[in-house]
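*Asks:* Need a 3D model of the following:
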Amino acid sequence: VPIRVAAVVVLLFALSAVVGKGDNAGGHAAHFGGMVVGAAYVFTQSYWDQWLYRFNHTRHQRRMVQQVSLKDEVERILEKVHKAGLHSLNGKEKAILRKATEEEQRRNRK
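*Replies:* Numbering: from 1, shown residues only. Here you go, the predicted model:
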């Protein structure tokens, strides 16, 4: 017999209200609380999924832009090394190369 989930929830809620007045009222209240939290989870799941997707997607996009920017900077620095030698680099450029090396090593470990 097909039945809507909402009808089952309402039926269980009514049953909990009637049965919950006995000797084990605390146990019934705990199960009722679990039912409410479960229902809230089910009904808001799509909202949270969308929010998490947007958050993770934005963070991923930002990381990709940073990687491309770092890659372009490394290419520029390596071109400078090719033309003028390693001694031509300043401290900031050396730090950028160190950072790029560390990130590449971290990616290769995974």
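*Asks:* So which elements touch the worst-scoring helix or strand of the chain on mean pLDDT?
*Replies:* The weakest-scoring helix or strand in the chain, judged by mean pLDDT, DSSP states H and E, is helix 5-19 (a mean of 80). With contacts taken as 3 or more C-beta pairs under 8 Å, 6 or more residues apart in numbering; DSSP states H and E, helix 5-19 sits against helix 25-84. Where C-beta positions appear, they are placed from N, C-alpha and C, glycine not excepted.
*Asks:* helices or strands up against the helix it packs on?
*Replies:* helix 5-19, helix 91-109.
*Asks:* show me the contacts for the closest residue to residue 31 other than its chain neighbours.
*Replies:* Spatially, and ignoring its direct neighbours in sequence, residue 31 is nearest to residue 16 (6.8 Å; C-beta to C-beta, 6 or more residues apart in numbering). Contact partners of residue 16, counting by C-beta atoms under 8 Å, 6 or more residues apart in numbering, are 28, 31, 32, 35.
*Asks:* Of those - the most surrounded one?
*Replies:* residue 28 (18 neighbours; other C-beta atoms under 10 Å).
*Asks:* Find the residue ranges of the protein scoring beneath the pLDDT cut-off.
*Replies:* 20-22, 110 (pLDDT under 70).
*Asks:* if you set the cut-off to 90 instead, what comes out?
*Replies:* 1-70, 86, 103-104, 106-110 (pLDDT under 90).
*Asks:* closest to residue 70 out of the helices and strands packed on helix 25-84?
*Replies:* helix 91-109 (5.7 Å; C-beta to C-beta).
*Asks:* For the closest one, which residues meet the burial criterion?
*Replies:* Neighbour-count burial for helix 91-109 flags 93, 96, 97, 100 (criterion: 16 or more other C-beta atoms under 10 Å).
*Asks:* Would you check that the first one makes contact with residue 78?
*Replies:* No: counting by C-beta atoms under 8 Å, no contact exists between residue 93 and residue 78, whose distance comes to 10.0 Å.
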